[in-house]
Every structure is written in C-alpha cells, then in structure tokens.
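Participant: Need the 3D shape of this:
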Amino acid sequence: MRTRTLIGQAQGIIMERFGLSDARAFAVMSRVSQDSNVKLVDVARDIVSTRRVPGTGRAAGLTPDRPR
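Facilitator: Numbering: from 1, shown residues only. Purely as a prediction, here's the structure:
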C-alpha cells in the first residue's frame, strides 16, 4: 500500500508540473525507470523527495497534454 501511495504522489507531481494525464505521467515514470534500470518505486521516491523528474525533456515524453 505504501508503494502505491508513493507512486501516486509522484504521478501527481508530474501531472501538475507538465500538464499530463494520469496515464502519460505513469508512462513517463515507467520510461525513466526502464531507461535508468531503476525500480519504479525508487524513481517515484526520488521525484517525491526532490520534486524533480530525472531525464526530463522530450526524450522522456514530457510534452503537455493541454496548452499552458
């Protein structure tokens, strides 16, 4: 349960920061996890603690779903 909460918090941070849907925010975390060979929960923990998304930019699929 704790893992799910942590992943949800990180997902919310990405959604707010980049204007993404929940599915796209999760996909970004998954891609960062795969590309860096780090467990998803550890990526989420890093996002929640630093408020930064590792590997942000076009390569990570971070283009807003809606205009800003």
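
Participant: When you work out contacts or count neighbours from here on, use the C-alpha atoms and nothing else.
Facilitator: OK.

Participant: And stretch 41-55, what's buried?
Facilitator: The neighbour-count criterion (16 or more other Cα atoms under 10 Å) identifies 41, 43, 44, 45, 46, 47, 48, 53, 54, 55 as the buried residues of stretch 41-55.

Participant: tell me the secondary structure for residue 38?
Facilitator: The three-state label for residue 38, taken from DSSP: H, G, I helix; E, B strand; the rest coil, comes out as coil.

Participant: ok, now the one 5 residues further on?
Facilitator: Using three-state DSSP as the criterion, the local structure at residue 43 reads helix.

Participant: pull the CA atoms of stretch 36-55 into PDB?
Facilitator: Written as PDB, here are the backbone C-alpha positions of stretch 36-55 (Å, rounded to 0.1, in the frame of the first residue of the first chain):
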ATOM      1  CA  SER A  36      17.900   4.100 -15.900                       C
ATOM      2  CA  ASN A  37      17.400   0.500 -14.800                       C
ATOM      3  CA  VAL A  38      16.000   1.700 -11.500                       C
ATOM      4  CA  LYS A  39      12.800   0.300  -9.900                       C
ATOM      5  CA  LEU A  40       9.700   2.300 -10.400                       C
ATOM      6  CA  VAL A  41       9.200   2.800  -6.700                       C
ATOM      7  CA  ASP A  42      12.700   4.200  -6.400                       C
ATOM      8  CA  VAL A  43      12.100   6.600  -9.300                       C
ATOM      9  CA  ALA A  44       8.900   7.700  -7.500                       C
ATOM     10  CA  ARG A  45      10.700   8.200  -4.200                       C
ATOM     11  CA  ASP A  46      13.200  10.400  -5.900                       C
ATOM     12  CA  ILE A  47      10.500  12.500  -7.600                       C
ATOM     13  CA  VAL A  48       8.600  13.000  -4.300                       C
ATOM     14  CA  SER A  49      11.700  13.900  -2.300                       C
ATOM     15  CA  THR A  50      13.400  16.200  -4.800                       C
ATOM     16  CA  ARG A  51      10.300  17.500  -6.700                       C
ATOM     17  CA  ARG A  52      12.400  16.900  -9.900                       C
ATOM     18  CA  VAL A  53      11.900  14.300 -12.600                       C
ATOM     19  CA  PRO A  54      15.100  12.600 -13.800                       C
ATOM     20  CA  GLY A  55      15.600  12.800 -17.500                       C
END
